[in-house]
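Student: Just a sequence and a predicted model for now, questions to come.
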Amino acid sequence: MKRRLLLLLPLVGFLLFSIFLYRGLALDPSHRDSALMAREFPAFTYSTLEDPQREVDLSLLKGEVTLVNVWGEWCPACKQEMPQLLDLADRGVRLVGINYRDTREKGLQFLEEFGNPFELNIFDPDGDLGFDLGVYGAPETFLVDRDGIIRYHHTGYISPADVRDVILPEVEKWQ
């Protein structure tokens, strides 16, 4: 009897492991919470995309609710979401961009082609600020309150439904 139970243990272990893996595969990685939620936006000092001589720092994100959007010219989803970002800017939402892992020339060409909803763009060619934010791809968007605290994190493309159902209500909540 003991021997029979010992033979079943590997089968039971395999079944439990299979259930665990199946559960993990069913999770949506785009709906992960930021480790920085309810923490201050990471300190930074970078030049702007538009003017290499102009440096900005964390004070840029204090005093006004701001959507910070991480984007790159190389990112197809960033191109798709630009109409939504332009709409948000037209509605009076303050947007600051982080041009992530790009060249200055390509970033500026992108904005010329697709429009520029951003008050300004932080130039992050090596992805260091993105790394500090825990970004693993673009686009990603962070809602930062008046005190510079991250209050919401959106991973991936912002759809028109996201603007209506999530982004605008979150902005209104923190204003």
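Tutor: Thanks, I have it.
Student: make it CA atoms for all contacts and neighbour counts henceforth
Tutor: Noted.
Student: right, and the helix or strand after the lowest-mean-pLDDT helix or strand in the chain?
Tutor: Lowest by mean pLDDT, DSSP states H and E among the helices and strands of the chain is helix 2-25, with a mean of 60. Downstream of helix 2-25, the next assigned helix or strand under DSSP states H and E is strand 45-47.
Student: for that next one, which positions count as buried?
Tutor: 46-47 (16 or more other C-alpha atoms under 10 Å).
Student: In its sheet, which strands sit next to the helix or strand following it, and in what direction?
Tutor: Downstream of strand 45-47, the next assigned helix or strand under DSSP H and E is strand 55-57. Using DSSP bridges, the strands paired with strand 55-57 are strand 45-47 (antiparallel).
Student: State the mean pLDDT of the strand it pairs with.
Tutor: Mean pLDDT, strand 45-47: 98.
Student: beta partners for the residue at minimal distance from the centre of the chain?
Tutor: Closest residue to the average C-alpha location of the chain: Glu140 at 1.9 Å, with C-alpha atoms, centre = their mean. Taking DSSP bridges as the rule, Glu140 bridges to Val70, Thr155.
Student: how close does it sit to Asp51?
Tutor: 23 Å (C-alpha to C-alpha, to the nearest Å).
Student: Near the residue lying closest to Arg101 once chain neighbours are set aside, how many other residues are there?
Tutor: Spatial nearest neighbour of Arg101, chain neighbours left out: Pro125 (4.3 Å); criterion: C-alpha to C-alpha, 6 or more residues apart in numbering. Residues contacting Pro125 under the criterion other C-alpha atoms under 10 Å number 18.
Student: can you list the weak-confidence ranges in this protein?
Tutor: 1-36 (pLDDT under 70).
Student: can we see that at 90?
Tutor: 1-38, 136 (pLDDT under 90).
Student: Could you point out the helix or strand that follows the host helix or strand of Met82?
Tutor: In the assignment (DSSP H and E), Met82 maps to helix 76-90. Per DSSP H and E, helix 76-90 leads on to strand 95-100 as the next helix or strand towards the C-terminus.
Student: Adjacent strands (with direction) for that following strand?
Tutor: strand 66-71 (parallel), strand 120-124 (parallel).
Student: and the angle from it to helix 76-90?
Tutor: 160 degrees (axes from the mean of the first three to the mean of the last three C-alpha atoms, to 10 degrees).
Student: And the contacts of strand 95-100?
Tutor: 49, 66-72, 89, 107, 117-127, 130, 138 (C-alpha atoms under 8 Å, 6 or more residues apart in numbering).
Student: This completes my enquiry, with thanks.
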